[in-house]
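*Asks:* Return atomic coordinates for the entry below.
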Amino acid sequence: MAQKIPTTVVTGFLGAGKTTLIRHMLQNAQGKRIALIINEFGDLGVDGDILKGCGDETCTEDDIMELSNGCICCTVADDFIPTIKSLLERENKPDHIVIETSGLALPQPLIRAFNWPEISTKVTVDGVITVIDGKAVTEGRFAHNVEAVDSQRKLDENLDHETPLSELYEDQISCADMIIINKSDLLTDQEASNLTTNLKNSSRDGVQVVKSTNGALPIDILLGKQIAAENDMKSRHEIHHHHEHDENGDHIHHQHDHDDFESFVFNCGEIDDAKSFISKISETINKHDILRLKGFIAVKNKPMRMTVQAVGPRIDTYFDQPFGSDLRLTKFVVIGQSGLDQMAIKKALSE
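*Replies:* Residues are numbered from 1 along each chain as shown. From the prediction side, this is the model:
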């Protein structure tokens with residue numbers, strides 16, 4: 001029997017730094033061919049675009065697959081299993097699979113899916129990595145921008161669990177094999193020490209807790225754990241029960257009010273002054289209470305596109321890859337509560 005392909009599951013709330021961690025992983029893959037499964041949200045597949053090209057030969061665009069139908073733990077049969085099977089049917093199979101879940105995903109249902117007969121003899125869960133925003137957790141908020149997480153929840157029509165962030169956080173911690181305290185540079189030594197101790201006390205025995213800044217960790221630490229988590233569900237059980245079932249054992253799908261939040265895509269041409277445009281974005285976010293903004297900026301006379309990610313008032317930017325043959329367009333998705341003045345926002349950003 002062929003050796004099972006190891007799979008690493010990366011979980012954590014919106015804005016914790018999952019995409020940044022994976023980006024660094026791809027750029028330092030040491031020749032290992034990695035396939036990505038990304039549980040994307042919104043109208044624009046920004047996370048996928050951010051990661052495409054990061055690994056060059058180790059992770060080509062064909063190796064990146066996006067699941068945009070909702071929280072992966074709620075769409076296992078319809079979305080996840082067919083995607084895994086399509087990867088396994090390839091002639092040139094990956095050395096390793098990495099799954100970036102949405103911030104709202106419960107890890108346990110996804111891990112259990114690796115026991116499905118169609119895939120159980122071909123893939124295994126190498127390990128579960130939970131990424132946390134160290135500063136936010138220290139302040140008792142779990143996520144940097146709780147409103148943005150709630151926005152993500154409302155936009156997912158397939159989500160069938162309404163879980164308080166504190167409980168979802170506990171379940172992500174209980175399932176982890178490694179917990180990464182990201183943004184540790186924003187913590188004092190005492191805060192980092194206290195948080196590390198608390199996480200070790202609240203997680204399973206043997207779980208590693210490590211600190212990072214911008215997800216910069218060696219790939220040998222992240223991959224190759226050989227834990228086979230799908231065979232160890234008893235110790236990583238859900239602390240809270242989230243899915244309701246009817247008398248036949250089928251999921252009861254709840255109706256959610258998705259009209260409380262909205263999103264739209266903004267497009268324009270090249271930007272002459274990137275610094276001025278970022279300031280304009282910041283002013284617009286504050287004026288219109290935008291919860292989340294992410295995408296790309298085409299800066300005039302710059303061969304590479306600038307990635308922009310904003311969670312609330314915090315904005316991160318960096319140049320990630322050349323445009324190549326793609327059109328030099330500035331585009332990003334804007335997410336906020338219902339009633340966003342889209343015309344005013346587009347006008348402010350276009351001036």
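*Asks:* all helices for this structure, in order.
*Replies:* 18-27, 46-51, 81-88, 107-112, 134-138, 146-155, 165-175, 189-202, 219-222, 274-288, 342-350 (DSSP state H).
*Asks:* Of those, which is nearest residue 3?
*Replies:* Closest to residue 3 of those is helix 81-88 (Cβ to Cβ; 12.6 Å). In short, each C-beta sits where N, CA and C put it, glycine included.
*Asks:* what's that closest one packed up against?
*Replies:* strand 34-39, strand 64-67 (3 or more Cβ pairs under 8 Å, 6 or more residues apart in numbering; DSSP states H and E).
*Asks:* Paired strands for the longest strand seen in the chain, with orientation please.
*Replies:* Secondary structure of the chain per DSSP state E: the longest strand is strand 123-133. Strand 123-133 pairs in its sheet with strand 5-11 (parallel), strand 178-182 (parallel), by DSSP bridges.
*Asks:* the inter-axis angle of it versus helix 165-175?
*Replies:* Angle of strand 123-133 versus helix 165-175, following axes from the mean of the first three to the mean of the last three Cα atoms, to 10 degrees, is 130 degrees.
*Asks:* Put together CSV for the helices and strands packed on helix 81-88, with distance to residue 128, mean pLDDT and mean neighbour count on each row.
*Replies:* Below are the helices and strands packed on helix 81-88 laid out as CSV (distance: least, Cβ to Cβ, whole Å; pLDDT from 0 to 100; neighbours: other Cβ atoms under 10 Å):
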stretch, distance to residue 128, mean pLDDT, mean neighbour count
strand 34-39, 14, 84, 24
strand 64-67, 18, 68, 20
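*Asks:* out of the ones you listed, which comes closest to residue 264?
*Replies:* strand 64-67 (19.4 Å).
*Asks:* could the strands paired with strand 123-133 be laid out in JSON lines, adding distance to residue 30, mean pLDDT and mean neighbour count?
*Replies:* Below are the strands paired with strand 123-133 laid out as JSON lines (distance: least, Cβ to Cβ, whole Å; pLDDT from 0 to 100; neighbours: other Cβ under 10 Å):
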{"stretch": "strand 5-11", "distance to residue 30": "15", "mean pLDDT": "93", "mean neighbour count": "25"}
{"stretch": "strand 178-182", "distance to residue 30": "19", "mean pLDDT": "93", "mean neighbour count": "24"}
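*Asks:* now stretch 186-200, how far from the chain's geometric center?
*Replies:* 23 Å (Cα atoms, centre = their mean, to the nearest Å).
*Asks:* and that stretch, C-alpha only, in PDB?
*Replies:* Output of stretch 186-200 as PDB, limited to C-alpha atoms (Å, rounded to 0.1, in the frame of the first residue of the first chain):
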ATOM      1  CA  LEU A 186       3.100  43.100  20.400                       C
ATOM      2  CA  LEU A 187       3.300  41.400  23.800                       C
ATOM      3  CA  THR A 188       5.600  42.100  26.700                       C
ATOM      4  CA  ASP A 189       7.800  39.300  27.900                       C
ATOM      5  CA  GLN A 190       5.500  38.800  30.900                       C
ATOM      6  CA  GLU A 191       2.300  38.700  28.800                       C
ATOM      7  CA  ALA A 192       3.900  36.200  26.400                       C
ATOM      8  CA  SER A 193       5.000  34.000  29.300                       C
ATOM      9  CA  ASN A 194       1.500  34.100  31.000                       C
ATOM     10  CA  LEU A 195      -0.300  33.300  27.800                       C
ATOM     11  CA  THR A 196       2.100  30.400  27.000                       C
ATOM     12  CA  THR A 197       1.400  29.000  30.500                       C
ATOM     13  CA  ASN A 198      -2.300  29.400  30.200                       C
ATOM     14  CA  LEU A 199      -2.400  27.700  26.800                       C
ATOM     15  CA  LYS A 200      -0.300  24.800  28.000                       C
END
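*Asks:* confidence score at residue 229?
*Replies:* With respect to pLDDT, residue 229 scores 91.
*Asks:* measure it to residue 177 for me?
*Replies:* Using Cβ to Cβ, to the nearest Å, we find residue 229 at a distance of 7 Å from residue 177.
*Asks:* Same check on residue 128?
*Replies:* For residue 128, the distance to residue 177 equals 5 Å [Cβ to Cβ].
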